[in-house]
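K.L.:
Sequence and predicted structure below; questions after.
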Amino acid sequence: MPDSGSPRHPSRRLVLGSVAATAAAVPLLGLASTAAAAPSQSTTPQRTPPRRPTSDLVYFNTWKGTQVYGAWFDPAGGGLTPIGPVGDAGADWAVKHPSLPILYVATMEVGGVVRTFRIDPATGALTKTADLATGGTGTGGGGISYIGIDRPSATLLATNFEDGFTAAVPISKAGELGPPASLAQDTGTGPSPRQAAPHPHYAEIAPGGRFALVADLGADRVFVYRFDRRTRALSAGGPDGPYSFATAPGSGPRRLAFHPGGRTVYLLNELTADIQTLGWSPRRGELTHLQTLSTDTPDFTGARSASDLAISADGRFVYAGNRGENSLVVFAVNPWTHLLTEIQRIPCGGVTPWSFTVHPSGRWLLVANEASGTVNVFGVDRGSGALADTGNAVSVPNPDSITFCRF
């Protein structure tokens, strides 16, 4: 499924100081640095490095690739030790089971296939245990742009970009996936050539569990479906269809994140590279516009493309990725209004920051720089929200998503 905003690929589907691109200096899956402060010479890793007692597993999916790659991450110093390919899958997104050693991987296969792997915590190796078709008949691939888990209802949500729907998939106590319990079909189009049909790019269950929000790039809408955590049923909000929030024509909603307070949503629009602050009514399931800020610099004239979005666990900072300018942007959250103020903007350490993931400790942020083929480590100052490039990086072919696994 297409993605936009990269000078190399059409696209589909935070930092103190400046960063130099590292891809040319790092051999494929070679270690760029294991020190927290400065890079060291690249070394050839062992095929399966032994697990260190204090290390976390981290997996990298690859854009239009055929394998999942693994590494050990040192949460004390921010170092990465690559493992190499650990499982076969044309992977675009992944999520770990909340408690079991299971990794769910969204593949690019027709039928919206989600592949289940058993994780070996000692080596990082993945063993395929099952495939589940979530639906869809698109010929450009399976079309899944995102998968995530709603833990209270044991539901995996899968957004099918190509075929325009979101599937609610049951997860058994053993971690097995069952046939979708329900599907929510989006409708609508937009003015961009990439908006000829609905293209859901992200889905999340709102706090309280009564609604599911779906950011649809093709329809210029955030759809709000009713959700029943007991039956896992996604349904229209009213007799005329789901509630929705309309963005400006051609915006292309891509990612959203709830503030921990539960009454504010941040929305990142890919095609216009802006971020919106939205008020959220948990009783009515309605979104209202409060603020729009650009993630581009004022004099930027290239192709606009925003990529990823995250909020700190304490709700004080929001982070956004900008692929048009290969940058990361940090915003401070007003504690009373929840409106945003830009406080930092720096290079991403490579080319085309497709996505990023904040470590569970909140001390680190890893960026998947797809076009330059590197995963770069940034330190997070939890007091100021600022990011700092550590100089740590590993080479991964066209990385597009990052998944931490802690045991």
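P.N.:
Done, it's in. Numbers count the residues shown, from 1 in each chain.
K.L.:
Around Gly362, how many other residues sit close by?
P.N.:
Each residue near Gly362 was counted by other Cβ atoms under 10 Å, and the total is 13. (Glycine included, C-beta is placed from N, CA and C.)
K.L.:
going forward, begin numbering at 33 instead of 1
P.N.:
In the new count, where the first residue is 33, that last one comes out as Gly394.
K.L.:
How is the residue lying closest to Ser393 once chain neighbours are set aside assigned, secondary-structure-wise?
P.N.:
Nearest-residue entry for Ser393: Pro107, 5.5 Å, with adjacent residues in sequence omitted and distances by Cβ to Cβ, 6 or more residues apart in numbering. Reduced to three states with DSSP: H, G, I helix; E, B strand; the rest coil, the structure at Pro107 is coil.
K.L.:
now Ile375: how far from His391?
P.N.:
21 Å (Cβ to Cβ, to the nearest Å).
K.L.:
quick one, which of these two is more surrounded?
P.N.:
Taking neighbours as other Cβ under 10 Å, Ile375 and His391 compare with His391 leading, 19 against 14.
K.L.:
For the closest residue to Val409 other than its chain neighbours, pull up the helix or strand it's in.
P.N.:
Leaving aside its sequence neighbours, Val409 sits nearest to Asn424 (Cβ to Cβ, 6+ apart; 3.9 Å). Counting by DSSP states H and E, the element that carries Asn424 is strand 419-427.
K.L.:
Can you name every helix or strand that the following helix or strand past that strand contacts?
P.N.:
Scanning forward in sequence from strand 419-427 by DSSP H and E, the next helix or strand is strand 431-437. Under the contact criterion of 3 or more Cβ pairs under 8 Å, 6 or more residues apart in numbering; DSSP states H and E, strand 431-437 touches strand 88-94, strand 123-128, strand 385-390, strand 396-401, strand 406-412.
K.L.:
Reformat these as a markdown table; add mean neighbour count, mean pLDDT and distance to Pro281.
P.N.:
Formatted as a markdown table, the helices and strands packed on strand 431-437 follow (neighbours: other Cβ atoms under 10 Å; pLDDT from 0 to 100; distance: least, Cβ to Cβ, whole Å):
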| stretch | mean neighbour count | mean pLDDT | distance to Pro281 |
| --- | --- | --- | --- |
| strand 88-94 | 24 | 96 | 31 |
| strand 123-128 | 24 | 89 | 27 |
| strand 385-390 | 24 | 97 | 25 |
| strand 396-401 | 27 | 98 | 30 |
| strand 406-412 | 26 | 98 | 34 |
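K.L.:
Out of those strands, the one nearest Gly196 is which?
P.N.:
Counting by Cβ to Cβ, Gly196 lies closest to strand 123-128 out of those; the figure is 16.6 Å.
K.L.:
Contacts for the helix or strand following that closest one, please.
P.N.:
Per DSSP H and E, the first helix or strand lying C-terminal to strand 123-128 is strand 134-139. By Cβ atoms under 8 Å, 6 or more residues apart in numbering, the list of residues contacting strand 134-139 from outside reads 91, 93, 100, 119, 121-129, 145-151, 158, 161, 163, 174, 176-179, 181, 188, 190, 207, 209, 435, 437.
K.L.:
Narrow those to those that are buried.
P.N.:
91, 93, 100, 119, 121-129, 145-151, 158, 174, 176-179, 181, 188, 190, 207, 209, 435, 437 (16 or more other Cβ atoms under 10 Å).
K.L.:
The helix-or-strand element of the chain with minimal mean pLDDT vs strand 88-94, what angle?
P.N.:
None of the helices or strands of the chain scores lower by mean pLDDT, DSSP states H and E than strand 123-128, at a mean of 89. Regarding strand 123-128 and strand 88-94, their directions subtend 160 degrees when assessed with axes from the mean of the first three to the mean of the last three Cα atoms, to 10 degrees.
K.L.:
May I have strand 123-128 exported as PDB, CA atoms only?
P.N.:
Output for strand 123-128, consisting of C-alpha atoms alone and laid out as PDB, is shown next (Å, rounded to 0.1, in the frame of the first residue of the first chain):
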ATOM      1  CA  ALA A 123       6.300  -6.900   7.700                       C
ATOM      2  CA  ASP A 124       5.000  -3.400   8.000                       C
ATOM      3  CA  TRP A 125       4.000  -3.100  11.600                       C
ATOM      4  CA  ALA A 126       4.200  -5.200  14.700                       C
ATOM      5  CA  VAL A 127       3.000  -5.300  18.300                       C
ATOM      6  CA  LYS A 128       3.900  -7.600  21.300                       C
END
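K.L.:
Packing partners of it?
P.N.:
Looks like strand 123-128 contacts strand 88-94, strand 99-105, strand 134-139, strand 176-182, strand 431-437 (3+ Cβ pairs under 8 Å, 6+ apart).
K.L.:
other SSEs contacting the first one?
P.N.:
I take that to be strand 88-94. So strand 88-94, by 3+ Cβ pairs under 8 Å, 6+ apart, packs with strand 99-105, strand 123-128, strand 431-437.
K.L.:
Contacts for that strand, please.
P.N.:
Outside of strand 88-94, the residues that reach it under the criterion Cβ under 8 Å, 6+ apart are 100-105, 107, 112, 118, 121, 123-126, 135, 137, 151, 153, 156, 158, 391, 398, 400, 407, 428-439.
K.L.:
Nice, that's everything, thank you.
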